[in-house]
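Chemist: The sequence and its predicted three-dimensional model are supplied below.
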Amino acid sequence: MSHTDETPNDLPPNFIRDRIVEDRQAGKNGGRVVTRFPPEPNGYLHVGHAKSLCLNFGSAAEFAGRCHLRFDDTNPATEELEYVEAIKADVRWLGFDWGEHLFFASDYFEQLYAYAVALIKAGKAYVCSLSADQIKEYRGDFHHKGKESPYRGRSVDENLDLFARMRAGEFADGEHVLRAKIDMAAGNINMRDPPIYRIKHAHHHRTGDKWCIYPMYDYAHCVSDAIEGITHSLCTLEFEDHRPLYDWILDQLDVPCHPQQIEFAKLNFTYIMLSKRRLLELVRGGQVKGWDDPRMPTLSGMRRRGYTPEALRNLCERVGVSKHNSVVDVTLLEHAVREHLNATSRRVMGVLRPLRVVLSNWPEGQVEWIDAPYFADDPARGTRRVPLGRELFIEHDDFKEVAVKGWFRLSPGAEVRLRHVGIVRCDEVVKDAAGEVVELRCTLDPATRSGGPQSGRKVKGTIHWLSAAHALPIEARLYDRLFLSESPGDVGPGGHFTDNINPRALEVVHGAFVEPSLADAVPGTRVQFERLAYFCVDPDSTTELRVFNRTIGLRDSWAKQEGK
RNA sequence: UCGGGGAUCGUCUAAUGGUAGGACUGCGGAUUCUGAUUCCGCCUAUCAAGGUUCGAAUCCUUGUCCCCGAACCA
């Protein structure tokens, strides 16, 4: 059988798509494909979730099926409404639409309870009154079989009564638990009579105080899948040995269908931390400013940083789906981001660390507005007007008093092209009392003006610039990788993952400027500062001062060469 | 001394008994009014040992290494 039999487009093959194709050819589920993305609302979504989102929504779309968004909110202790709303926003931002199919496991609490009663009646579940410690002890370990709870033989009637009273709130947390009656000698510890309901007197963000017993993941997830008519329940590798339990529960119950659980490997990147627990620690510890801090690998952080949903989706496609524990090189992420930004971002000029330049042969007070294309290779995509006057700012890094080998930029006596203008020569270097270079005096060769007779004259370097009189002050936030270590989670004895934090993951630059065309740029606007980096306007911007986040730098082969 | 998974270029992945391919990275070069982009080229892989076969990454055997699992978390 070929993988491409049914696949509409040239998507790269993967084992899950193969399975779905097989199932359809075998006529399973009437050929329907229904998947679900089931986050627990206890944190923000991150790039790892993007993979699951792409897989679940992508597989459904590919086979004209549907994908549900279901919040797995069975643990009131950790879940909050704030997370629910943030997750919905992030899923939408990534470009996925669940339509009518928004669900909450908590919507099924009543049904889940009824199925549990059925399980008890069938003699497949019992109320256990061992303490948590005792249950753990009775469970055994990898090398020893478990032993049966003394409460395992309780009668159906007694179990029914106790379970009803658990629900009624007659017992304190931990007094009883409902357990599936399976096999205490099973090699798979998940099958050793796992608890499926616990007593928890806690306020739930949706059901309030209606319930004081809550279903456990292993019980709630498979039944929720069945209730919704899910056909393929995709989850990560660590649930592989939960699958027998998933199947066991559904086999005992008279549920509408029996979905197939399929496991795939989580997404990991070098230099990126994706543990929810640790991300929460960064937020709570103040190492970052919040879940949407642009240094965070959360979808909201990446959005604010300037990453695009297209880039992330494309990344997921490139990464593929398999069962290997893989660590993707972060450069692949960076490549995906640059690739999309390169195709879509308007080119503008911004100067991070200004150095004053006076064009000595330019008349005092004269201003010329230059029509400059946003995309040099395709002027049809639009132009903006850029003012040129006698006093300019150029990038301090574009001047060296003593030129080194391979230096194409400005130095005393050297010529360089001013982007969209023409060739200038540096005639004089002005220093302050401390010997710091504070100004350059240059002459512009009028014959080399863009569009002029000698505009084709070659010089090695082209630099960006701004008219000092028109330059708009901005705050630039230069972001870099949050961690210095390739595997931030690997810490030696006594170490902590925060030890690996890059202290320069954020550098705030005051005194930077951009061209006046950006005066009205709204938050979320993405542009390329030519020769520097891609930037995105931050929501912190005010009418007086815009804040630009550096999304990612342009590749810089000069810096690389210089570093050698 | 258990159960469940996994081993293909540096990295992520394809090849489903028939030419080990792609992408990213790296390294060269060309073009360039962005040292960007684009284009071209190069480097580099089947965990090991046996076996089956005309032919093995793929099938069999035996090893080795790695990951996950003992919450009233998900």
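Modeler: That came in fine, so what should we check first?
Chemist: Which residue ranges of chain A form helices?
Modeler: A:15-25, A:47-62, A:81-94, A:109-121, A:132-139, A:156-168, A:217-228, A:243-252, A:276-285, A:299-305, A:309-319, A:330-344, A:557-563 (DSSP state H).
Chemist: Determine whether any part of the last one lies close to RNA strand B.
Modeler: Yes. In this structure, helix A:557-563 sits against RNA strand B according to C-beta under 7 Å from any atom of the strand; the contacting residues are A:557, A:558, A:560, A:561. The C-beta positions use only the backbone N, C-alpha and C, and glycine is treated the same way.
Chemist: mind checking how far residue A:511 is from residue A:528?
Modeler: The span separating residue A:511 from residue A:528 equals 21 Å under the rule C-beta to C-beta, to the nearest Å.
Chemist: Oops, could you answer that again for residue A:207 instead?
Modeler: Distance of residue A:207 to residue A:528, computed by C-beta to C-beta: 49 Å.
Chemist: go on, residue A:446?
Modeler: Using C-beta to C-beta, which is the criterion applied here, residue A:446 is 29 Å from residue A:528.
Chemist: What of residue A:66?
Modeler: According to C-beta to C-beta, residue A:66 and residue A:528 sit 38 Å apart.
Chemist: what about whatever residue of chain A ends up closest to RNA strand B, how many neighbours?
Modeler: Distance from RNA strand B to each residue of chain A (C-beta to the nearest atom of the strand) is smallest for residue A:450, at 2.2 Å. The number of residues packed near residue A:450 is 14, by other C-beta atoms under 10 Å.
Chemist: repeat for the one 5 residues further on
Modeler: With neighbours defined by other C-beta under 10 Å, the count for residue A:455 comes to 13.
Chemist: what's the answer for the one 5 residues further on, then?
Modeler: The local packing count at residue A:460 equals 12, with neighbours defined by other C-beta under 10 Å.
Chemist: Leaving aside the residues adjacent along the chain, what's closest to it?
Modeler: Spatial nearest neighbour of residue A:460, excluding adjacent residues (C-beta to C-beta, 6 or more residues apart in numbering): residue A:408 at 3.7 Å.
Chemist: and that neighbour, what does it touch?
Modeler: Residues in contact with residue A:408 (C-beta atoms under 8 Å, 6 or more residues apart in numbering) are A:416, A:460, A:461, A:558.
Chemist: switch the cut-off to 10 Å
Modeler: Contact partners of residue A:408, counting by C-beta atoms under 10 Å, 6 or more residues apart in numbering, are A:398, A:414, A:416, A:417, A:459, A:460, A:461, A:462, A:463, A:558.
Chemist: Up against RNA strand B, what does the stretch 101-250 of chain A have?
Modeler: Residues of the stretch 101-250 of chain A found near RNA strand B, taking C-beta under 7 Å from any atom of the strand as the criterion, are A:130-132, A:135-136, A:139, A:141-143, A:173-174, A:177, A:187-190, A:194-195, A:198-200, A:214, A:216-218, A:220-221, A:237-242.
Chemist: Which of the residues you listed are buried, as a ChimeraX select command?
Modeler: Only the buried members of those enter the following ChimeraX selection, criterion being 16 or more other C-beta atoms under 10 Å:
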select /A:130,135,139,177,190,194,195,198,199,200,214,216,217,218,220,221,239,242
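Chemist: if we can go back for a sec, which one is the residue of chain A closest to RNA strand B nearest to, not counting chain neighbours?
Modeler: Using C-beta to C-beta, 6+ apart and skipping the chain neighbours, the partner closest in space to residue A:450 is residue A:420 (5.6 Å).
Chemist: again, but for residue A:367
Modeler: Of all residues beyond its chain neighbours, the one nearest residue A:367 is residue A:389 (5.0 Å), with distances taken as C-beta to C-beta, 6+ apart.
Chemist: And the pLDDT for that neighbour?
Modeler: In this prediction, residue A:389 carries a pLDDT score of 98.
Chemist: For the closest residue in space to residue A:81 that isn't next to it in sequence, give me its contacts.
Modeler: With C-beta to C-beta, 6+ apart as the criterion, residue A:81 has its nearest non-adjacent residue at 4.8 Å, and that residue is residue A:205. Neighbouring residues of residue A:205 by C-beta under 10 Å, 6+ apart: A:41, A:71, A:73, A:76, A:79, A:80, A:81, A:82, A:83, A:84, A:104, A:106.
Chemist: repeat for residue A:450
Modeler: When the contact criterion is C-beta under 10 Å, 6+ apart, the partners of residue A:450 are A:370, A:371, A:372, A:417, A:418, A:419, A:420, A:421, A:422.
Chemist: Reformat these as JSON lines; add distance to RNA strand B and pLDDT.
Modeler: Putting those into JSON lines (distance: C-beta to the nearest atom of the strand, whole Å; pLDDT from 0 to 100) gives the following:
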{"residue": "A:370", "distance to RNA strand B": "10", "pLDDT": "97"}
{"residue": "A:371", "distance to RNA strand B": "12", "pLDDT": "97"}
{"residue": "A:372", "distance to RNA strand B": "9", "pLDDT": "97"}
{"residue": "A:417", "distance to RNA strand B": "5", "pLDDT": "98"}
{"residue": "A:418", "distance to RNA strand B": "7", "pLDDT": "98"}
{"residue": "A:419", "distance to RNA strand B": "5", "pLDDT": "98"}
{"residue": "A:420", "distance to RNA strand B": "5", "pLDDT": "97"}
{"residue": "A:421", "distance to RNA strand B": "7", "pLDDT": "97"}
{"residue": "A:422", "distance to RNA strand B": "6", "pLDDT": "97"}
